[in-house]
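Student: Provided below for reference: sequence and predicted model.
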Amino acid sequence: MSVARLARAAAITVAYVLIVAPIAVVVVTAFSPTDFFVFPPPGLSLRWFVEFFRLDNMRGAFLFSLEVALIAATVASVLGTAGALFLARRRGAFATVLQGLFLAPLVFPTIILGLALLLLYKSVGMPVLPGLLFAHAVVGMPYSFRTTLAGLQGLDPALEEAGQSLGAGPLRTLALITLPLIWPSVLSGWLFAFIVSFGELNTALFLTGPGQTTLPIEIFSYLQFQGSQLVIAAASALQVGLIILMVAGIERIVGIARIVRAR
Amino acid sequence: MTGDDIDVRLAGVTKTFGAVAAVRDVSLEIPRGSIFSLLGPSGCGKTTTLRLIAGFEQPTQGQVYIRGRDVTDVPPYRRDFSIVFQSYALFPHLTVAENVGFGPRMRGVGRAVRGREVAEALALVKLAGYEARYPRELSGGQQQRVALARAIVVRPAVLLLDEPLGALDKMLREEMQVELRQLQQRLGITAVFVTHDQEEALTLSDHVAVMRDGRIEQVGAPRAIYERPDTEFVAGFLGASNFFDGVVVARDTAGAEIEVAGWRVRMADVTAAVGAQVRIAVRPERMRLGGPDAPGQPATVREIVYRGSTIHYYLDGAAGPILVHRQNAEPGAAELRPGDRVRCRWAPESGVVFAPK
Amino acid sequence: MTGRRELWRWGLVAPPLVISVALFVGPLAYLFYVSLHEVSPSELYGSWSLASYAAIAADPFYLLIIRRTLVTALAVLALALVIGYPVAYWIAKLPARARSLALLALLFPLMVSNVVRAYGWAAILGRRGVINTALGGLGLTDGPLGLLYSPEAVVLGLLTILLPYMVISIANVLASLDPRYAEAAQALGAGPIRTFIHVTLPLSAPGVASGLLLVFLLTLSAYVTIAVLGGPQSKLLVSLVYDSVVSFHWPQAAALAFTLLAIALAVSGAIMAVVRPGRVQGGRR
């Protein structure tokens, strides 16, 4: 029994080290005062953050990523919420197919989706920003759809019927009863869609263009072509910081248990 | 009774879900100012019938009328009704006053008038002063009252009640039954009440419809339903019944003689001809017990269950098991022991005779 | 009439449906169409041809890469399952609050872009990285070890990304299992190990299946992780898709993408057939 316990403790340690170590190393390195990578850093400094915002391409990529994530998450939320409202009380083959279609981008190899969209965009002459927005809306939609659907399915159907019995038509029932009751689900769906868009690589790899690059792709091209400069540690740390804010936001809104279940 | 007095009418309504018929060819009329109960075991179609009146479900066939208007194709929010759900379905994000005021608000009633209506409705359910509370801050009984206030404040043509007392404990439930009845009579509201609790249906209703497999088995006043059931199912579903199989051996204007397990009983109201196989249903409280030398069917006491105000006797008779209820105060009720030989009988008008299926 | 009352609901589903068809199903159909053509030097694609698929089937280089992709994916799956299951089991047994925190610690890194985590591993494994610095400092090695740009580095990087999916899938199923199943088994005389093998493990099959599927599918398309940690020597199938795009060989890229999809479908089917998650449906509380 103690061998089993030991093995389990080892698995837990290995798992958490594997998962946390790379992020921890990056975040610590971002505060390094040195010119090159030294671990652990000999002191603390914000010079690489300053450098990050001084570099046009980095700052531009950060702002571009923010813009894309904000708009794409909003579009994804509207689409996902509409789909969830439609499917929440529906059964049957058509509903099953539709649900599968709306959830498919979750497991579909996104790099293939990126390639398919690239070809489509090339044929129709789609500009970079809307093209990327659409791609991230498609990738983010299942997150909004799933959390909103779960919220709706946890709602007593009698509430909507009570509204109707008192004379509220479908739209007023939606506005006065359904949405006020499920908005935490809608909002956490939005935050998930934002986070996914903000870190997305596989479609952005093909769909970004010169001067219009997202932060993850900018980091990637630095890694590929300019070696491991410490400014990308700062860029990465900003990524991590923004997500910490987001997760704290979700936690405040829906509670930790909901975040964990929603994924 | 003219058509003007009918608040709800179903005409040949059938509802199927896929291949399953939940409601089959149901027709009924609910007179103004009465409580009409839909009673039956789960899955009998009573809730579906209620939802058809509300418009939450669309009939596959037939028409639904509310106050003489054909509402079959009218969506719920344009029908003149309100509903109290078993779960109450109080809007958790709205206060008590906002919940009760929701219906008037949807009807475009101004803020001032609305406030007065809400206060009146809350006073009727004895919840004045609870306006600013949220539903989660109320007890189950209080939530029930808010749901009721929300439903009556709009003065609906018909109030639908979907097992509204099902979530309350026994004491509170009986108290609410009385209150609900008083409120309904004071306001003259027409109400349709769905329940699986036969006692509740008998207590509250002016009319009871017993449903089974999507059909109405019998409609009538509580007393008629209980004492003169049309079918074996109704006799068995409302309270307990003893059933005896027998053959009609003689008849006259007053009734008939029926032979049950070699023993002759007289029954009133028999339509079957001489020689016909029949089945007799007798309520346990209508059975009379006597000593071994008294007249009646011989039986042996198998088990005695003491229930406080009543005592239940399980007997083995020649025609099968017999259940007898006696008031505790009845003389001699407490003196029987298991194994005692007794005789049991009943008056000719105390039972009902069916042609067996 | 029912139709008119339902009309506004169709208005709800129209936008997501249109977007899903126009920007998901449609482009994939177009991609498949493109894959059935020759590579053209000037246009997106040339005339009808199965040449791209034929090239994949005939070229030993492609077959080597496909084999390497499968071996890497299997290694990641096996490691993720062996490490992930005990962790999931431990998490499922934690009290609710601690369980949420433990899951959040797994979930949070999942939200950080893969490129950040790939960079983290590069910083740890690189020639001037954490490990080489530490080993060199201790005088254990003469000069840095070539840890980066190896198949092992790719497996490590993928594991980092995908382990949380495995743990969370299994932990969610285990946590929602009715504890009375295990109690019933123990009451019937099964010890802890037999209870686990005969009751808990089969009941967790849906979690294991969804964990394996997620890990496998994400392994196939994790291009950036593979590129950063594998370098040019450890390419997988997805790297070839990217390379074809960069060289504008669209039909070839499309054919490789559908080869990747075919492998994804085949292995997903195999996972479902082996784990059979359907057999314990209704076992959850």
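Tutor: Received it, and whenever you're ready, just let me know what you need.
Student: got the residues of the stretch 101-250 of chain A near chain B?
Tutor: By Cβ under 8 Å from any Cβ of the partner chain, the residues of the stretch 101-250 of chain A that approach chain B are A:156, A:158-159, A:161-170, A:172-173, A:176-177, A:180-181. For the C-beta atoms, the positions are set from N, CA and C on the backbone; glycine is no exception.
Student: again, 6 Å this time
Tutor: A:156, A:158-159, A:161-162, A:164-169, A:180-181 (Cβ under 6 Å from any Cβ of the partner chain).
Student: could I have the CA atoms of stretch A:95-102 written out in CSV?
Tutor: Written as CSV, here are the backbone C-alpha positions of stretch A:95-102 (Å, rounded to 0.1, in the frame of the first residue of the first chain):
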residue,chain,number,x,y,z
ALA,A,95,-31.0,19.0,-32.1
THR,A,96,-28.3,16.4,-31.6
VAL,A,97,-26.7,17.2,-35.0
LEU,A,98,-26.9,20.9,-34.3
GLN,A,99,-25.3,20.5,-30.9
GLY,A,100,-22.5,18.4,-32.4
LEU,A,101,-21.9,21.1,-35.1
PHE,A,102,-21.7,23.9,-32.5
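Student: what's the distance between that stretch and the middle of its chain?
Tutor: 22 Å (Cα atoms, centre = their mean, to the nearest Å).
Student: what values do phi and psi take at B:Ala22?
Tutor: Backbone torsions for B:Ala22, taken as degrees, to the nearest 10, come to phi -80, psi -30.
Student: now for the residue nearest to it when sequence neighbours are not counted: which residues touch it?
Tutor: Counting by Cβ to Cβ, 6 or more residues apart in numbering or on different chains, B:Thr48 is the residue found nearest to B:Ala22 once chain neighbours are left out, at 4.3 Å. Listed by Cβ atoms under 6 Å, 6 or more residues apart in numbering or on different chains, the contact set of B:Thr48 reads B:15, B:22-23.
Student: so which of those comes closest to A:Ala4?
Tutor: Among these, B:Ala22 lies closest to A:Ala4 (Cβ to Cβ), at 54.0 Å.
Student: ok, the closest one - contacts?
Tutor: Applying Cβ under 6 Å, 6+ apart, the residues contacting B:Ala22 are B:15, B:45, B:48, B:214.
Student: of those residues, closest to chain C?
Tutor: Nearest to chain C out of those is B:Lys15 (Cβ to the nearest Cβ; 12.7 Å).
Student: surely the closest one is in a helix?
Tutor: No. With DSSP: H, G, I helix; E, B strand; the rest coil as the criterion, B:Lys15 is located in strand rather than a helix.
Student: what is the burial count for it?
Tutor: 22 (other Cβ atoms under 10 Å in any protein chain shown).
Student: quick one: residues contacting it.
Tutor: The neighbours of B:Lys15, taking Cβ under 6 Å, 6+ apart as the test, are B:22-23, B:48, B:57, B:59-60.
Student: now do the lengthiest helix in chain B, average pLDDT.
Tutor: Assignment by DSSP state H gives helix B:170-187 as the longest helix of chain B. Helix B:170-187 shows a mean pLDDT of 89.
Student: same for it, what does it pack against?
Tutor: helix B:198-204 (3 or more Cβ pairs under 6 Å, 6 or more residues apart in numbering or on different chains; DSSP states H and E).
Student: pLDDT averaged over the helix it packs on - what is it?
Tutor: Helix B:198-204 comes out with an average pLDDT of 88.
Student: in that helix, which residues are buried?
Tutor: B:198, B:200-204 (16 or more other Cβ atoms under 10 Å in any protein chain shown).
Student: okay, residue 28: pLDDT?
Tutor: You didn't pick a chain, so chain A it is. 91.
Student: wait, chain B was what I had in mind.
Tutor: 93.
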